[in-house]
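A.B. asks: what's the 3D shape of this:
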Amino acid sequence: MRTISLAVTAVASALLLTACNGSGGGSADSKNGSACSFDGVAVQVGPASTAPSAGDTGEVPVSLTNQSKPCTLDGFPGASLEGGGTKVALATQKGAKAQKLKLAKGDAASFTITYVRGAAGGKLSLAATKLVVTLPGSSGTASYKWSYGPVQGKTSVSDSEASVGAFTQAGD
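C.D. replies: Numbers count the residues shown, from 1 in each chain. The predicted structure is shown next:
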């Protein structure tokens, strides 16, 4: 009888570990944290290296500082520009590689938006007024004022010459 109860206990333990994705603690492991979200991070957009005139390239850094429990950035940030009723999703920078960053409380990460300034009123220019950012693994969005001028399109306004880079660890 004792042999049967040990076997049942072993099978039950194996099933419990399988249900926990092998981490022993469910899908949101307390050491690694869950996906970062805007309700737990402070965001700063800029200061930018703006493109002074049409055809010039500018860069806008976006910094995140974790203000809450540990969280993870796994993938690329999402970004879109809006203006005049048009919303344009930004592509990831060519050659950029996403990395998984774990942020403890107080840790920071950043990414950069690179853009080519368009001509004011130009046929291929998006008169952007708003930047909308999303974080990987989170459904929330955050909006910020875009004050860096119109953004050039390649073949249309929707085919923007703006892109978003990968997250990098910030600080020491």
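A.B. asks: Could you use CA atoms for every contact and neighbour count after this?
C.D. replies: Will do.
A.B. asks: ranges for the helices of this protein?
C.D. replies: Ranges of helices within the chain are 2-19, based on DSSP state H.
A.B. asks: any idea how far P150 is from the residue positioned nearest the centre of it?
C.D. replies: Geometric centre of the chain, nearest residue: P77, 2.1 Å, by Cα atoms, centre = their mean. To P150, P77 is 22 Å away according to Cα to Cα, to the nearest Å.
A.B. asks: List the contacts of A119.
C.D. replies: Counting by Cα atoms under 8 Å, 6 or more residues apart in numbering, A119 touches 53-55, 125, 150-152.
A.B. asks: Show the buried residues in those.
C.D. replies: 54, 125, 150-152 (16 or more other Cα atoms under 10 Å).
A.B. asks: What about those residues, which are in strands?
C.D. replies: In strands, judged by DSSP state E, the following of these are found: 125, 151-152.
A.B. asks: any chance of the residues you listed in JSON lines, with distance to Q99 and pLDDT too?
C.D. replies: Output for those, formatted as JSON lines (distance: Cα to Cα, whole Å; pLDDT from 0 to 100):
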{"residue": "S125", "distance to Q99": "32", "pLDDT": "95"}
{"residue": "V151", "distance to Q99": "28", "pLDDT": "97"}
{"residue": "Q152", "distance to Q99": "29", "pLDDT": "96"}
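A.B. asks: Dump those to a markdown table, plus distance to K97.
C.D. replies: As requested, these are exported to a markdown table (distance: Cα to Cα, whole Å):
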| residue | distance to K97 |
| --- | --- |
| S125 | 28 |
| V151 | 24 |
| Q152 | 24 |
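A.B. asks: Tell me the one among those nearest to G165.
C.D. replies: Of all these, V151 has the smallest distance to G165: 16.7 Å, by Cα to Cα.
A.B. asks: Help me confirm that the closest one comes into contact with D159.
C.D. replies: No. Using Cα atoms under 8 Å, V151 is not in contact with D159, being 10.2 Å away.
A.B. asks: For this protein, which residues score under the pLDDT cut-off?
C.D. replies: Applying pLDDT under 70 to the chain flags the ranges 1-33, 172.
A.B. asks: right, and the pair among the contacts of A119 with maximum separation?
C.D. replies: Maximum distance among those (Cα to Cα): 12.6 Å, for S53 and S125.
A.B. asks: what is in contact with these two at once?
C.D. replies: Shared contacts of S53 and S125, defined by Cα under 8 Å, 6+ apart, comprise 118-119.
A.B. asks: what sits opposite R117 in the beta ladder?
C.D. replies: V151 (DSSP bridges).
A.B. asks: Ok, S163 next?
C.D. replies: A91, T114.
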